[in-house]
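# Sequence first, predicted coordinates after that:
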Amino acid sequence: GAGVSQSPRYKVAKRGQDVALRCDPISGHVSLFWYQQALGQGPEFLTYFQNEAQLDKSGLPSDRFFAERPEGSVSTLKIQRTQQEDSAVYLCASSRALRGGGGNEQFFGPGTRLTVL
Amino acid sequence: DQQVKQNSPSLSVQEGRISILNCDYTNSMFDYFLWYKKYPAEGPTFLISISSIKDKNEDGRFTVFLNKSAKHLSLHIVPSQPGDSAVYFCAASGGGNFGNEKLTFGTGTRLTIIP
């Protein structure tokens, strides 16, 4: 399809394991966002890419979280040494927005549900 | 510090009647507001948006109203249909650095349409 895709859809990890979550944005979308959604809460911003440049990572909760988008398309969110509090749905979104392009809606993928045991 | 608040966790409305979902915000730098709809096991789907230079935007059965002085917006759905049953998130953007239009979300309102 033409939408944002994410894989895997579900991931169960043992505490201390490293995980990698993948996002394929809509083709041609410049901006890519990662959000974390805890149970019963709204999505919370993690990090933002404009093409391959990571311009804002202020929402990453710790240095165990790392994101990359090396060729300005596919992005990977990596969590090292997972903890139980990392259990959440991780959402990726893309948009056409460029600098100053306020208002371009973000299109979300289905999310990856991470459960850390 | 919740900058976007949806104070009603749930709402039930009879089919055919009007659904009104409310949202309040505290950050005066926000200049764009969006409503997303979310079904279980799916990502949020964009519904409708409004810029801070407007006070109303309409798209079919959906209308969003913005009251900047009260820092309040609402989503009206009329007539409500069973397929509208979902969780609705209010989101806001603006004032970000580097043209970053990151969204700040509320906690959502679960809307149930009763046939």
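Received the coordinates, thanks.

# Tell me which residues touch residue A:54, please.
The contact partners of residue A:54, by CB atoms under 8 Å, 6 or more residues apart in numbering or on different chains, come to A:47-48, A:67-69. Where C-beta positions appear, they are placed from N, C-alpha and C, glycine not excepted.

# Could you tell me the average pLDDT over stretch B:108-115, please?
For stretch B:108-115, mean pLDDT rounds to 97.

# mind exporting that stretch as PDB, just the C-alpha atoms?
In PDB, the C-alpha atoms belonging to stretch B:108-115 read as follows (Å, rounded to 0.1, in the frame of the first residue of the first chain):
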ATOM      1  CA  GLY B 108      -8.100  10.800  24.000                       C
ATOM      2  CA  THR B 109     -11.800  10.500  24.300                       C
ATOM      3  CA  ARG B 110     -13.500   7.200  23.600                       C
ATOM      4  CA  LEU B 111     -16.700   7.800  21.600                       C
ATOM      5  CA  THR B 112     -19.400   5.200  21.500                       C
ATOM      6  CA  ILE B 113     -22.300   5.600  19.100                       C
ATOM      7  CA  ILE B 114     -25.300   3.700  20.300                       C
ATOM      8  CA  PRO B 115     -27.500   2.300  17.500                       C
END
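
# Show me what counts as buried in that stretch.
B:108-109, B:111, B:113 (16 or more other CB atoms under 10 Å in any protein chain shown).

# so which of those also contact chain A?
Filtering the buried residues of stretch B:108-115 for proximity to chain A by CB under 8 Å from any CB of the partner chain leaves residue B:108.

# Can I get the buried residues of stretch B:108-115 in CSV including secondary structure and distance to residue A:92?
Shown next, in CSV, are the buried residues of stretch B:108-115 (DSSP: H, G, I helix; E, B strand; the rest coil; distance: CB to CB, whole Å):
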residue, secondary structure, distance to residue A:92
B:108, coil, 19
B:109, strand, 24
B:111, strand, 25
B:113, strand, 30
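
# can you list contacts of the strand or helix carrying residue B:87?
Under the criterion of DSSP states H and E, residue B:87 resides in strand B:86-93. Residues outside strand B:86-93 that contact it (CB under 8 Å, 6+ apart) are A:42-43, A:102-103, B:3-4, B:6, B:21, B:23, B:25, B:27, B:30-39, B:44, B:47, B:73, B:75, B:101-106, B:108-111.

# Partner strands of it, with direction?
Within its sheet, strand B:86-93 is paired with strand B:32-38 (antiparallel), strand B:104-105 (antiparallel), strand B:109-114 (antiparallel), according to DSSP bridges.

# Centre of the chain to the shortest one, how far?
Pointing back at strand B:104-105 there. Its chain's average C-alpha position is 10 Å from that of strand B:104-105, according to CA atoms, centre = their mean, to the nearest Å.

# need the strands for chain A, in chain order.
Remark: strands assigned in chain A by DSSP state E are A:5-7, A:10-13, A:19-24, A:31-37, A:44-50, A:53-56, A:65-68, A:75-79, A:88-95, A:107-108, A:112-116.

# Around chain A, pick out the residues from chain B.
B:4, B:31-32, B:34, B:36, B:41-46, B:49, B:51, B:89, B:91, B:93-94, B:96-108.

# Select only the buried ones of those residues in PyMOL?
To isolate the buried members of these in PyMOL, using 16+ other CB under 10 Å:
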select buried, chain B and resi 4+31+32+34+36+43+44+46+49+89+91+93+94+96+99+100+101+102+103+104+105+106+107+108
